[in-house]
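Undergrad: Sharing a model prediction with you, sequence too.
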Amino acid sequence: MAMKDLQNQPDHRKIPIDKVGIKSLRYPVTVLDRENGFQQTVATINMYVDLPHETKGTHMSRFVELLHKKKFKVSLESFSSILEQMKEHLNAASSHIEIIFPYFIEKKAPISNSTGLMDYTCRIIGASSPEGDVDIVLEVFVPISSVCPCSKEISDAGAHNQRGDVRLSTRFKKFVWIEDMIQLVEDAASCDVYSVLKRVDEKNVTEKGYDNPKFVEDIVRDIAKKLEDDSNITWFAVSVENFESIHNHSAYAFITRGEKPY
């Protein structure tokens, strides 16, 4: 006896759905690593397609089946491929995929050279339009340290500092390394954040930050200037949030430039 497929039944409300699919699926993925070739990590994945007004539902299991067939290796080619396959397997006009994952970089302390793994949260968002245009955004979240220029200017001794988060999103003409985006952000901070520091390193990063005080406005502008000068970058959005150490609020700055493709 054949089982009835409710998803394929007609719907009479005449309301199309922009995105329907699965969210928060944890799945192992392989990510390009500049130092080691590839890196294995675990991503949280969201996958959606559009649904026409005349169709009752989509086949949710097909999203997971497609991932399993692909053995997902994250690259520009694989994103374009899976977006098109999602439309094909689910009879959709548009498709969307978002993966969020921790990315690890081995980082040496500045003086002792003690090594530790720094983890950075990364997100890649892909979309394919009904016309077949593919849009991909790469996003990194980078922890930084900053020293307040005003505090240094007005204080007889010391200056307050704090840890902050930078969120950098880019669209680009050709491949961009995650490591390059992270480095660009860290270069704009008062000082890097490390996973392992000995006393000689602590002295170094404290003094480096004190000698390089920056407001959130300085950091976001320095990052934006580098991106504006990069002909490979077609669009970017960058935000800086400092978790103030002497205030009960955060300091925040945001810049976006460029045109979205569609």
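TA: Perfect, I can see it now.
Undergrad: and whichever helix or strand K225 is part of, what does it pack onto?
TA: Take DSSP states H and E as the rule and K225 turns out to sit in helix 216-228. With contacts taken as 3 or more CB pairs under 8 Å, 6 or more residues apart in numbering; DSSP states H and E, helix 216-228 sits against strand 134-147, strand 161-172, helix 178-188, strand 233-243, strand 250-258. C-beta coordinates here come from the backbone N, C-alpha and C atoms, glycine included.
Undergrad: Within its sheet, name the partner strands of the fourth one and how each one runs.
TA: Strand 233-243 has the following strand partners under DSSP bridges: strand 161-172 (antiparallel), strand 250-258 (antiparallel).
Undergrad: Packed most tightly, which of these would that be?
TA: Comparing the strands paired with strand 233-243 by mean neighbour count (mean count of other CB atoms under 10 Å), strand 161-172 ranks first with a mean of 20.
Undergrad: Specify the angle between that strand and helix 178-188 in degrees.
TA: 140 degrees (axes from the mean of the first three to the mean of the last three CA atoms, to 10 degrees).
Undergrad: Return strand 161-172 as CSV; C-alpha atoms alone will do.
TA: Written as CSV, here are the backbone C-alpha positions of strand 161-172 (Å, rounded to 0.1, in the frame of the first residue of the first chain):
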residue,chain,number,x,y,z
ASN,A,161,41.5,48.6,28.5
GLN,A,162,39.0,46.0,27.4
ARG,A,163,38.4,43.0,25.2
GLY,A,164,36.2,43.5,22.2
ASP,A,165,34.6,41.6,19.3
VAL,A,166,35.0,42.5,15.6
ARG,A,167,32.5,41.1,13.1
LEU,A,168,33.7,41.3,9.5
SER,A,169,31.6,40.3,6.5
THR,A,170,32.9,40.4,2.9
ARG,A,171,31.8,39.7,-0.6
PHE,A,172,34.6,39.2,-3.1
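Undergrad: Please identify the buried residues of stretch 176-190?
TA: V176, I178, E179, M181, I182, L184, V185, E186, A188, A189, S190 (16 or more other CB atoms under 10 Å).
Undergrad: ok, now stretch 39-58?
TA: Q39, T41, A43, I45, N46, M47, Y48, V49, D50, L51, T55, T58.
Undergrad: helices or strands next to the helix or strand V31 falls within in the packing?
TA: V31 belongs to strand 17-33 when assigned by DSSP H and E. On a contact count with 3+ CB pairs under 8 Å, 6+ apart, strand 17-33 meets strand 37-51, helix 61-70, strand 73-74, strand 95-108.
Undergrad: how about TSV for the ones you listed, with distance to D230 added?
TA: Formatted as TSV, those follow (distance: least, CB to CB, whole Å):
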stretch	distance to D230
strand 37-51	24
helix 61-70	31
strand 73-74	22
strand 95-108	21
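Undergrad: And these, which one averages the lowest pLDDT?
TA: Note on those: strand 73-74 shows the lowest mean pLDDT, a mean of 78.
Undergrad: which other residues reach that strand?
TA: V29, T30, V31, L32, F38, A43, I99, I124 (CB atoms under 8 Å, 6 or more residues apart in numbering).
Undergrad: quick check, nearest of these to E153?
TA: I124 (41.0 Å; CB to CB).
Undergrad: who are the neighbours in contact with that closest one?
TA: By CB under 8 Å, 6+ apart, I124 lies in contact with V74, F79, E98, I99, I136, V137, L138, E139.
Undergrad: got it, and P213?
TA: Counting by CB under 8 Å, 6+ apart, P213 makes contact with S146, V147, C148, P149, S151, K152, A159, S190.
Undergrad: Mind picking the one among those residues that's closest to S112?
TA: Of all the contacts of P213, S190 has the smallest distance to S112: 20.4 Å, by CB to CB.
Undergrad: The closest one and V31: what is the separation?
TA: 29 Å (CB to CB, to the nearest Å).
Undergrad: And T256, by the same measure?
TA: In this view, T256 and V31 are 26 Å apart by CB to CB.
Undergrad: Can you tell me the SS state at S245?
TA: coil (DSSP: H, G, I helix; E, B strand; the rest coil).
Undergrad: Give me the local confidence score for it.
TA: 90.
Undergrad: Fine by me, we can end here.
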